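1. Model the structure of this input:
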Amino acid sequence: MAQVSRFTCNEASALDPARIVVIYAQLGEVAAEHVISAAMEDIAQHIVAVEKAAKAHQYAKMVAELDAMVTLAEQIGLSSLVQVARDLQACIEARDHIAQAAVLARLMRLADRSLTEVWDLGDLRL
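-> Residues are numbered from 1 along each chain as shown. This next block holds a predicted model:
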């Protein structure tokens with residue numbers, strides 16, 4: 001008889017809080033909150049677009065959306081999200097559809113946690 005195991009994915013997101021501090025220091029509280037909120041909204045939209053493109057097998061569109069998402073994630077210090085997005089791009093380039101599906105699922109989980117983590121730091125002040 002085969003035994004079924006259930007795995008729980010509890011990967012912590014890597015957030016560079018120093019990047020958030022720099023944004024607040026450079027822009028001030030109101031502008032920083034606006035920039036960070038806008039970046040997070042855009043990242044969320046890119047994540048949705050990546051998922052839709054994956055379902056439609058539009059690999060060039062996925063890569064373009066991932067590129068845009070990486071730029072935004074770097075700006076607000078979401079280093080794990082950047083790395084996983086790059087991993088997904090590598091899977092697309094290698095045409096490894098099985099790995100692509102796994103990494104896309106990981107990206108979705110990580111994006112959810114990462115964006116929540118940035119929101120939780122929203123009260124960070126200098």
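
2. Next secondary structure element downstream of the lengthiest helix in the chain?
-> Longest helix in the chain by number of residues (criterion: DSSP state H): helix 29-55. Remark: after helix 29-55, the chain's next helix or strand is helix 59-75, criterion DSSP states H and E.

3. what does that next one contact?
-> Applying Cβ atoms under 8 Å, 6 or more residues apart in numbering, the contact partners of helix 59-75 are 19, 23, 39, 42-43, 46-47, 49-50, 53-54, 79, 81-82, 85-86, 88-89, 92-93, 114. To be clear about C-beta, it is placed using only N, CA and C from the backbone, and glycine gets the same treatment.

4. Which positions in the longest helix of the chain come out as buried?
-> Neighbour-count burial for helix 29-55, counted by 16 or more other Cβ atoms under 10 Å, picks out 32, 35-36, 39-40, 43, 46-47, 49-51, 53-54.

5. Take those and lay them out in JSON lines including distance to residue 107 and pLDDT.
-> Compiled in JSON lines, the buried residues of helix 29-55 are given as follows (distance: Cβ to Cβ, whole Å; pLDDT from 0 to 100):
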{"residue": "32", "distance to residue 107": "26", "pLDDT": "92"}
{"residue": "35", "distance to residue 107": "23", "pLDDT": "93"}
{"residue": "36", "distance to residue 107": "20", "pLDDT": "91"}
{"residue": "39", "distance to residue 107": "17", "pLDDT": "93"}
{"residue": "40", "distance to residue 107": "15", "pLDDT": "91"}
{"residue": "43", "distance to residue 107": "11", "pLDDT": "95"}
{"residue": "46", "distance to residue 107": "10", "pLDDT": "97"}
{"residue": "47", "distance to residue 107": "7", "pLDDT": "96"}
{"residue": "49", "distance to residue 107": "12", "pLDDT": "98"}
{"residue": "50", "distance to residue 107": "7", "pLDDT": "98"}
{"residue": "51", "distance to residue 107": "9", "pLDDT": "97"}
{"residue": "53", "distance to residue 107": "12", "pLDDT": "98"}
{"residue": "54", "distance to residue 107": "10", "pLDDT": "97"}
